[in-house]
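> show me how the following folds:
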Amino acid sequence: MTFLNSNNNDKIIVDFFEKLIITYYNEQMFKKTKLLHIMDRGLKKIKLLPEFNIEKGKSGNIKISFPYNPVFVARVKTIKGHRWHPEGKYWSFQNTAGTVEKILEVFKGENIYIDSALQVRLPSNVIVSPDKIGTKQSQVSSIPPLKKGDIGRFEDLRRELLSRKYSYKTVKAYVYFNKDFLRYIGKNPDEINDCDIKDYLLYLAVEKQSATSTLNQAINALKFYYGTMLRKRFVYEVKRPRKDKKLPVVLSKEEVTKILSSVDNIKHKAILMLIYSAGLRVGEVVKLKIEDIDSERMLIHIKGSKGRKDRYTMLSEKVLDILRKYWKEYKPEKWLFEGAKTGRYLSTRTVEKILEHACEKAGIRKDVSVHTLRHSFATHLLEGGTDLRYIQELLGHKDSKTTEIYTHVSTKSIGKIKSPLDSLNLEKVGSK
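I've put the predicted structure just below:
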């Protein structure tokens, strides 16, 4: 939008945009959003810089940052070589050929702010950093904070969730979806109706291409606030999307052997062996304490797992042997696998990186995650003749239907079926 250059109009223009932004953006956007003023031949333009930033780090790597958004996080994790930096609240990638292009492709359609030091052909949705392309230093206008009532309503939601002992990730996601919903609809909570929620879910499904699990989490977040807290009945009539009937990726025993054999570091090997041998989640293995390993009963005590449930699972003899070697070398004090910071356990991202490097070294081409080892543990037990009910207990599944999915990936029965193609004598037909 272009305005005639007039000193008298400057303040009016800025005030107008400040009021407009306050109406449609939440407090997180206000803290980070900037109004950029660019002088151009006596004309003044005002642009709103987007929240997705791509920059070149001091070490030459690529840094991307954005306010917490579970959809964006899921997209970042699809890009090979991603690394999360909790201390700086940003993701990084090696600055190799094609990396920036891949990031732009994954986030196609989003408004992106990119450092001009990263040489790449840019699509129309990307804004180049103006202070690095020879223009004058941009003047940033101050944006007034939201009203206390707007901030307070989400603080009430957060406190209610915490008082009910919801996990940190769930609290963060619920607050995010409720903020994002109001930002998209542009109404006060008292004015929200059934159509608004359906429009928002359509926006997530079609424009944002969100997964079914993301849509369900958004519905849960909105139902908690508008149904549980504000006592609105219409939210209970919102239909959930059909679940994707996807089968888990499973490794063969030979592939698991290759992965474990490729790891030389005893701590890293102990972590991966422990996950596969007991079917642990990544969040469970990093939070294990030394006293959770019961070598006399050959059991592992999993505390406060998914759904705040405790359970026992098996302790492998081979794992116990490598854990004893690991303990002699590292001497952990509180947590079985301690992180870089004193008194903290290892981050889940570190475990993911350990597996990524192991898979690359072992030449595994499947789309493998740490959870794949858990899937493989359950499938191999089923193929070995273990009853499904015992597998359910070992995995800590509440519903047996969750465990039954492994019957669809097991080769125990399917492997015995002979394809009709194998019974055809194709060599004789081709020789005539």
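> span of stretch 376-393 from start to end?
16 Å (Cα to Cα, to the nearest Å).
> and it, which residues are buried?
376-383, 391-392 (16 or more other Cβ atoms under 10 Å). For glycine as for every other residue, the C-beta is placed from the backbone atoms N, C-alpha and C.
> what about the residue nearest to Phe66 when sequence neighbours are not counted, how many neighbours?
Of all residues beyond its chain neighbours, the one nearest Phe66 is Phe52 (4.7 Å), with distances taken as Cβ to Cβ, 6 or more residues apart in numbering. Neighbourhood size, Phe52 [other Cβ atoms under 10 Å]: 21.
> who's in contact with Phe52?
Taking Cβ atoms under 8 Å, 6 or more residues apart in numbering as the criterion, Phe52 is in contact with 64-66, 72, 107, 110-113.
> for Tyr276, state which of the buried residues of stretch 376-393 is nearest.
Checking the buried residues of stretch 376-393 against Tyr276 by Cβ to Cβ gives Phe377 as the nearest, at 5.6 Å.
> for the strand or helix carrying Met273, which helices and strands make contact with it?
Using DSSP states H and E, Met273 maps to helix 266-278. When contacts are defined as 3 or more Cβ pairs under 8 Å, 6 or more residues apart in numbering; DSSP states H and E, helix 266-278 packs onto helix 253-261, helix 282-285, strand 311-314, helix 317-330, helix 348-362, helix 370-383.
> kindly reformat these as CSV containing distance to Thr96.
Output for the helices and strands packed on helix 266-278, formatted as CSV (distance: least, Cβ to Cβ, whole Å):
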stretch, distance to Thr96
helix 253-261, 24
helix 282-285, 27
strand 311-314, 40
helix 317-330, 33
helix 348-362, 14
helix 370-383, 24
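> including mean pLDDT and distance to Thr407, could these go into CSV?
Listed next are the helices and strands packed on helix 266-278 as CSV, based on pLDDT from 0 to 100; distance: least, Cβ to Cβ, whole Å:
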stretch, mean pLDDT, distance to Thr407
helix 253-261, 94, 18
helix 282-285, 92, 24
strand 311-314, 91, 20
helix 317-330, 94, 26
helix 348-362, 92, 26
helix 370-383, 91, 7
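> for His268, which of those is the nearest?
Using Cβ to Cβ, these put helix 348-362 closest to His268, at 4.7 Å.
> quick one: buried residues of that closest one?
Buried, per 16+ other Cβ under 10 Å, within helix 348-362: 348, 350-356, 358-359, 362.
> those: which two are farthest apart?
Thr348 and Ala362 (21.0 Å).
> what is the burial count for the nearest residue to Val249 once chain neighbours are set aside?
Of all residues not flanking Val249 in the chain, Thr372 sits nearest, at 5.1 Å (Cβ to Cβ, 6+ apart). Thr372 is flanked by 23 other residues according to other Cβ under 10 Å.
> repeat that for Lys309.
Residues lying near Lys309 (other Cβ under 10 Å) number 11.
> one step back: run the angle between the helix holding Met273 and helix 317-330 for me.
Interaxial angle of helix 266-278 relative to helix 317-330 (axes from the mean of the first three to the mean of the last three Cα atoms, to 10 degrees): 160 degrees.
> got the contact list for helix 266-278?
Outside of helix 266-278, the residues within contact range by Cβ under 8 Å, 6+ apart are 256, 259-260, 263, 280, 282, 285, 288, 300, 313-316, 318-319, 322-323, 325-326, 329-330, 337, 346, 351, 354-355, 358, 370, 373-374, 376-377, 394.
> now that helix - C-alpha only, PDB.
The C-alpha trace of helix 266-278 is given here as PDB (Å, rounded to 0.1, in the frame of the first residue of the first chain):
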ATOM      1  CA  ILE A 266      28.900 -47.400  24.200                       C
ATOM      2  CA  LYS A 267      26.400 -44.900  25.600                       C
ATOM      3  CA  HIS A 268      24.700 -44.500  22.200                       C
ATOM      4  CA  LYS A 269      24.600 -48.200  21.700                       C
ATOM      5  CA  ALA A 270      23.100 -48.800  25.100                       C
ATOM      6  CA  ILE A 271      20.300 -46.300  24.400                       C
ATOM      7  CA  LEU A 272      19.300 -47.900  21.100                       C
ATOM      8  CA  MET A 273      19.600 -51.400  22.400                       C
ATOM      9  CA  LEU A 274      17.400 -50.500  25.400                       C
ATOM     10  CA  ILE A 275      14.700 -48.900  23.200                       C
ATOM     11  CA  TYR A 276      14.500 -52.000  20.900                       C
ATOM     12  CA  SER A 277      14.900 -54.600  23.600                       C
ATOM     13  CA  ALA A 278      12.000 -53.300  25.700                       C
END
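> buried residues, it. List them.
Those would be 267-278, for helix 266-278 by 16+ other Cβ under 10 Å.
> JSON lines please, covering those residues and showing pLDDT and distance to Arg158.
As requested, those are exported to JSON lines (pLDDT from 0 to 100; distance: Cβ to Cβ, whole Å):
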{"residue": "Lys267", "pLDDT": "95", "distance to Arg158": "36"}
{"residue": "His268", "pLDDT": "95", "distance to Arg158": "37"}
{"residue": "Lys269", "pLDDT": "95", "distance to Arg158": "40"}
{"residue": "Ala270", "pLDDT": "95", "distance to Arg158": "37"}
{"residue": "Ile271", "pLDDT": "95", "distance to Arg158": "33"}
{"residue": "Leu272", "pLDDT": "96", "distance to Arg158": "36"}
{"residue": "Met273", "pLDDT": "95", "distance to Arg158": "39"}
{"residue": "Leu274", "pLDDT": "96", "distance to Arg158": "34"}
{"residue": "Ile275", "pLDDT": "95", "distance to Arg158": "32"}
{"residue": "Tyr276", "pLDDT": "94", "distance to Arg158": "37"}
{"residue": "Ser277", "pLDDT": "93", "distance to Arg158": "38"}
{"residue": "Ala278", "pLDDT": "92", "distance to Arg158": "34"}
